[in-house]
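Asker: pasting a predicted model and its sequence here:
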Amino acid sequence: MNTDAVSADYVDFLVIGSGIAGLTFALQTAQRHSTLILTKKDRAESNTNYAQGGVAAVLSDDDSFTLHIEDTLRAGAGLCHEDAVDVLVHEGKERVEDLIRLGAQFSTETDPDGRTHLSLGREGGHSRNRIVHAVDRTGWECERTLLAATRDLENLSILEHFFVIDLAMCEADGTPRCTGAYALDTATGEIRLFRAGAVLLATGGCGQVYLHTTNPAIATGDGVAMAWNAGAAIANMEFIQFHPTALYHPEGHSFLISEAVRGEGGILRASDGSTFMENYHPMGALAPRDIVARAIHAERLKRGDPCVYLDVTHLDREFLKNRFPTIFERCLSLGIDISREPIPVVPAAHYACGGVQTDLQGRTCIPGLYAAGEVTCTGVHGANRLASNSLLEAMVFGYRAAKDALANLSAANELRHDVAAPSDALLFGGEPAPRSEIRRLQTALKACMNDNAGIVRNDRDLTKAEEIVEEIQRQIDALLRRSVPAADLIELRNMALVSRLIIRSARLRKESRGLHYSTDYPERDDVHWKRDTVLSR
Ligand code: FAD
Ligand code: SIN
């Protein structure tokens, strides 16, 4: 790895984020061109690192591209872009094979003829077993493999603990163009401008805007906020996916219990031991996620119970320990032996199906700015993402974005002398930001989103939420103007902005579809609403 690129004020490619999307892109561009990754924590800290279930790909003889496409479209409830799904499914296999070539150790099994092949799991909404996994820590294995592959690349540098605040923009031929980014060095408090031929946003999701989320602390929607400020189109933010089964435990911090547990036969039960999913969908506990999460929500309300239970006590203890080592150990550390007692679970915010709108090459509507991974809306997920399609999407479109950016590099480099205009987002004050005030505003925001823009919505609650978030935004802005730049304060500003975009998109959609369910408009309306919700400044 070359550190010279870091001291230079200009690199060919600037990548914001070191999850699976950013690393996939950088591994292509850094083969020949200077590439710098800025990441706000340690390099492995990402949603990617916590992914459990796996990567969906067509790899077995009884599967087909057509079936994976059909499953994706069915889950997406009429809003998937078929061209994007086609690309995802057809190119996904190659990207998984790339990971294996780079050394990813996915789980295998041996058939009765003694042949060893990938072990393929099942998750909700899939009609075939097609989930490539590394026991229950698939994301960790992907991240480990990709980071290991970056080590020998001369042209690649990674700066950790550099928090990107805003995109740097200039005017090129009368059109705004992205030319880099402003980042806070969280060790020194210095703000630096990094300029580049092209920029990739790969900042992941925004689960932290909700009180209960499976996402790690980094998922604060920074990329959507930056892209919005720069004038990019943001699509489908109302489609926030709630994972049906996060651990319900005071010390569990919404730890995920993978859908693969249901794929291996886990049964959802109410507090009296009865099953209920058969009343909601023919696929039962393996129905698409929006349906299972809503069913659990309804059962909790109906019975006045705080949670439901995921029962695997009928499965062999050794099998559970080997297939789900992370889940087994984590539950045991909290006093739950999953081979002997059912696991208390509740839905929690998990994934943003919407984001920065891109085309099939990962291009946003701003020249010079690409985006890939959970920060985007590529059109693949429509109104509800099919399980294990997101690691796949990040790789397929991260790779495509790199190919497009490489093909256009010489034109981009001709603009390298253009000067970035100063960003409004960099106006700070001189006092230390009071942590207690940041925490208070953060809790108020998350509680408001949980209570009013969750699994089941209505116009009255959404209107109330908009007013509350506007007031919180005013208080954050006042705090920002007084305070020295601090990552948690800027994250809070981003979370409030992203919350506004979720609420606004949800208010605009006057129907129920996929992950957006409104009691005011309980039916799906294909006449008026079979379209994306696109917002821009
Ligand atoms: P991330 O992996 O989240 O990476 C984002 C990067 O951007 C991080 O490095 C972060 O630090 C950095 N960053 C963010 N903001 C800034 C900033 N302002 N400045 C600098 N850096 C910044 N999907 C599947 O397909 N299969 C699964 O089995 C699966 N399981 C999951 C389990 C859990 C618990 C969770 C939370 C998610 C799961 N998902 C799964 C979803 C999937 O993990 C994510 O959608 C995917 O990893 C996103 O990858 P990404 O590269 O877009 O973003
Ligand atoms: C899980 O393991 O249940 C998560 C899978 C996903 O989010 O795609």
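Answerer: Nice, I can see it. Ligands and ions are numbered 1, 2, ... in the order given.
Asker: what about the residue in the stretch 201-350 of the chain that ligand 1 sits nearest to, which SS state?
Answerer: Proximity of the stretch 201-350 of the chain to ligand 1 (CB to the nearest ligand atom) peaks at residue 204, 2.4 Å away. No exception for glycine: its C-beta is placed from N, CA and C like everyone else's. Secondary structure state of residue 204, per DSSP: H, G, I helix; E, B strand; the rest coil, is coil.
Asker: is it true that it touches residue 374?
Answerer: Yes: using CB atoms under 8 Å, residue 204 makes contact with residue 374 at a distance of 4.8 Å.
Asker: what residues are shared contacts of these two?
Answerer: Common neighbours of residue 204 and residue 374, counting by CB atoms under 8 Å, 6 or more residues apart in numbering, are 19, 21, 47.
Asker: which regions of this structure sit below the pLDDT cut-off?
Answerer: Where the chain drops to pLDDT under 70, the residues are 1-8, 417.
Asker: after the lengthiest helix in the chain, which helix or strand is next? Please name it.
Answerer: As assigned by DSSP state H, the longest helix anywhere in the chain is helix 459-482. Sequence order places helix 487-508 as the next helix or strand after helix 459-482, per DSSP states H and E.
Asker: pairing partners for the very next helix or strand once past that next one, with directions?
Answerer: Toward the C-terminus, helix 487-508 is succeeded by strand 517-518 as the next helix or strand (DSSP H and E). Strand 517-518 has these partner strands in its sheet, going by DSSP bridges: strand 456-457 (parallel).
Asker: list the contacts of the partner strand.
Answerer: 294, 297, 506, 516, 517, 518, 519.
Asker: for the closest residue to the last one other than its chain neighbours, give its distance to ligand 2.
Answerer: The spatially closest residue to residue 519, leaving aside those adjacent along the chain, is residue 458, at 4.8 Å (CB to CB, 6 or more residues apart in numbering). Using CB to the nearest ligand atom, to the nearest Å, residue 458 is found at 27 Å from ligand 2.
Asker: tell me the spacing between residue 458 and residue 236.
Answerer: Plainly put, residue 458 is 20 Å away from residue 236 if you go by CB to CB, to the nearest Å.
Asker: pull the contacting residues for residue 470.
Answerer: Counting by CB under 8 Å, 6+ apart, residue 470 has contacts residue 500.
Asker: before we move on, what about residue 127?
Answerer: 67, 70, 71 are the contacts of residue 127 under CB under 8 Å, 6+ apart.
Asker: same thing but at 6 Å, please
Answerer: Contact analysis of residue 127 by CB atoms under 6 Å, 6 or more residues apart in numbering lists 67, 71.
Asker: likewise residue 216?
Answerer: Neighbouring residues of residue 216 by CB under 6 Å, 6+ apart: residue 50.
Asker: neighbours around residue 358, how many?
Answerer: Close neighbours of residue 358, defined as other CB atoms under 10 Å, add up to 27.
Asker: which bits of the stretch 151-300 of the chain sit near ligand 1?
Answerer: Counting by CB under 6 Å from any ligand atom, the stretch 151-300 of the chain comes close to ligand 1 at 163, 164, 202, 203, 204, 205, 214, 215, 218, 222, 256.
Asker: now do the residue in the stretch 1-150 of the chain positioned nearest to ligand 1 against residue 193, distance only.
Answerer: Per CB to the nearest ligand atom, residue 19 is where the stretch 1-150 of the chain lies closest to ligand 1, at 2.1 Å. The gap separating residue 19 from residue 193 is 24 Å, by CB to CB.
Asker: try residue 116
Answerer: 51 Å.
Asker: coming back round to it: biggest separation within the residues of the stretch 151-300 of the chain next to ligand 1, which pair?
Answerer: 164 and 256 (26.8 Å; CB to CB).
Asker: got a list of what residue 339 touches?
Answerer: Neighbouring residues of residue 339 by CB under 6 Å, 6+ apart: 317, 320.
Asker: from the residues of the stretch 151-300 of the chain next to ligand 1, list the buried ones, please.
Answerer: Listed as buried from these are 163, 164, 202, 203, 204, 205, 214, 215, 218, 222, 256; burial here means 16 or more other CB atoms under 10 Å.
Asker: mind checking the SS state of the first one?
Answerer: Each residue gets one of three states, and residue 163 gets strand by three-state DSSP.
Asker: and it, what does it touch?
Answerer: 40, 184, 186, 487.
Asker: which one is the first one nearest to, not counting chain neighbours?
Answerer: Just to be clear, that refers to residue 40. In space, residue 40 is closest to residue 163, 4.4 Å off (CB to CB, 6+ apart).
Asker: who's the one you found bridged to?
Answerer: Taking DSSP bridges as the rule, residue 163 bridges to residue 184.
Asker: confirm residue 370 sits in a strand?
Answerer: Yes: assigned with three-state DSSP, residue 370 falls within a strand.
Asker: that one - how many residues pack around it?
Answerer: With other CB under 10 Å as criterion, residue 370 counts 30.
Asker: which strand residues bridge it?
Answerer: Taking DSSP bridges as the rule, residue 370 bridges to residue 200, residue 363.
Asker: my read: residue 71 touches residue 126, true?
Answerer: Yes: between residue 71 and residue 126 there is a contact under CB atoms under 6 Å: 5.4 Å.
Asker: helices along the stretch 151-300 of the chain, start to end?
Answerer: Assigned by DSSP state H, counting those that start in this stretch, the stretch 151-300 of the chain shows helices spanning 222-230, 259-263, 289-303.
Asker: after the longest one comes which helix or strand?
Answerer: In other words, helix 289-303. Assigned by DSSP H and E, the successor of helix 289-303 is strand 308-311.
Asker: residues contacting that next one, please?
Answerer: 245, 257, 266-270, 296, 299, 342-345.
Asker: ok, residue 116 and residue 193, which is more surrounded?
Answerer: The neighbour comparison of residue 116 against residue 193 (other CB under 10 Å) goes to residue 193, with 16 against 9.
Asker: would you mind measuring from the more buried one to ligand 2?
Answerer: 36 Å.
Asker: who are the contact partners of that residue?
Answerer: Contacts of residue 193 (CB under 6 Å, 6+ apart): 168, 182.
Asker: swap in the one 4 residues further on?
Answerer: Each residue near residue 197 by CB under 6 Å, 6+ apart is listed here: 12, 409, 412, 413.
Asker: one more time with 10 Å, if that's ok
Answerer: For residue 197, the contact set (CB atoms under 10 Å, 6 or more residues apart in numbering) comprises 10-14, 29, 33-34, 179-180, 368, 405, 408-416.
Asker: cool, and residue 434?
Answerer: So residue 434 contacts 440, 479, 482, 483, 489 (CB under 10 Å, 6+ apart).
Asker: cool, residue 530 as well?
Answerer: Taking CB under 10 Å, 6+ apart, one finds 77, 78, 79, 382, 383, 511, 513, 524 in contact with residue 530.
Asker: most neighbours, which of those residues?
Answerer: Most surrounded of the contacts of residue 530: other CB under 10 Å gives residue 382, at 29 neighbours.
Asker: and it, how far from ligand 2?
Answerer: 15 Å.
Asker: wait, that residue touches residue 288, no?
Answerer: No: Residue 382 lies out of contact with residue 288 (CB atoms under 10 Å); the separation is 11.0 Å.
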